[in-house]
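Novice: Predicted model follows, preceded by the sequence.
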Amino acid sequence: MPILTDTSVLVAAATPRETRHRDAIDALDRLASEQLAVPVTILTETLGFVRTRYGISYQRRLWDGLKESGIEVVGVDDALLDMAREIDERYADVGFGFADCTLLAACEVLRDARVLSFDRRLATYRPSFAPALEVLP
Amino acid sequence: MYLPEELHRFLAEEAERRGVSMAEIAREAIGEYRTRSETTPKHNYMAIVGIIDVPGPPTNDSERVDEILDEYYKVGGKWDQEHGLADPD
């Protein structure tokens, strides 16, 4: 079962000046034997974020790095989008946002209760198939 | 070496069935395990580490992704400015 990963860890790992850079490297190192995955929406958010912050050349470099990393990309279909919207409505007060809602919907579809993220808000989500969501690291 | 009774019984039965020693079965199992772990695809998560090597003071962007994107795309924000959509006033 892959561990679904969000933008925060990918950006922190890629950027040495980030305050959580070391934490991200340690997490990736510890999980080296596990399969990591990102919904395509998180991939879009991550690469879009890097472009807005650092420009297209760094977006391309991270794009290549992600391809080389072996991190799986999880597709997003209509059913997953519907589920994401339901999550968004149910947790409107938390304000996860589109990309995170699709991440949580992917957890439901894959019945996967582990995510890798620095966003502690994700821990407020209650999966339908497990008592709690485990937010690593 | 002490083995749990159930495992010992399994090894003994398997060894007897195949006419080999229990040690032979254990060696075979260890060999299979090593082969499998060697052929398991290795990830290279370190491929993304340090790619954005932009110099400057420490940042906490990774914990402010939504906030930074909101700021960038807001009306009159940097995206608008870069695309000639910002109000000249």
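Specialist: Thanks, I have the structure now.
Novice: interface residues of chain B facing chain A?
Specialist: B:41-63, B:65-66, B:68-69, B:72, B:78-79 (CB under 8 Å from any CB of the partner chain). Heads up, the C-betas are built off the backbone N, CA and C, glycines and all.
Novice: distance of residue A:26 from chain B?
Specialist: 11 Å (CB to the nearest CB, to the nearest Å).
Novice: Could you report the neighbour count for the nearest residue to that residue once chain neighbours are set aside?
Specialist: Nearest non-adjacent residue to residue A:26, counting by CB to CB, 6 or more residues apart in numbering or on different chains: residue A:137, 6.9 Å away. By other CB atoms under 10 Å in any protein chain shown, 14 other residues sit near residue A:137.
Novice: Distance check, residue A:58 against chain B.
Specialist: Distance, residue A:58 to chain B, using CB to the nearest CB: 5 Å.
Novice: How about the contacts made by that residue?
Specialist: By CB atoms under 8 Å, 6 or more residues apart in numbering or on different chains, the contact set of residue A:58 is A:50-51, B:51-52, B:54.
Novice: By neighbour count, which of these wins?
Specialist: If you rank the contacts of residue A:58 by neighbour count (other CB under 10 Å), residue A:50 sits at the top with 26 neighbours.
Novice: Pull the residues that contact the top helix by length along chain B.
Specialist: For chain B, the longest helix by residue count, based on DSSP state H, is helix B:22-39. Applying CB under 8 Å, 6+ apart, the external contacts of helix B:22-39 come out as B:11-12, B:14-15, B:18.
Novice: can you tell me the average pLDDT over stretch A:102-116?
Specialist: What stretch A:102-116 shows for mean pLDDT is 94.
Novice: Out of the helices and strands in chain B, which is least certain?
Specialist: Among the helices and strands of chain B, helix B:22-39 carries the lowest confidence by mean pLDDT, DSSP states H and E, at a mean of 76.
Novice: tell me which residues in that one are buried?
Specialist: Neighbour counts over helix B:22-39 (16 or more other CB atoms under 10 Å in any protein chain shown) mark B:22, B:25 as buried.
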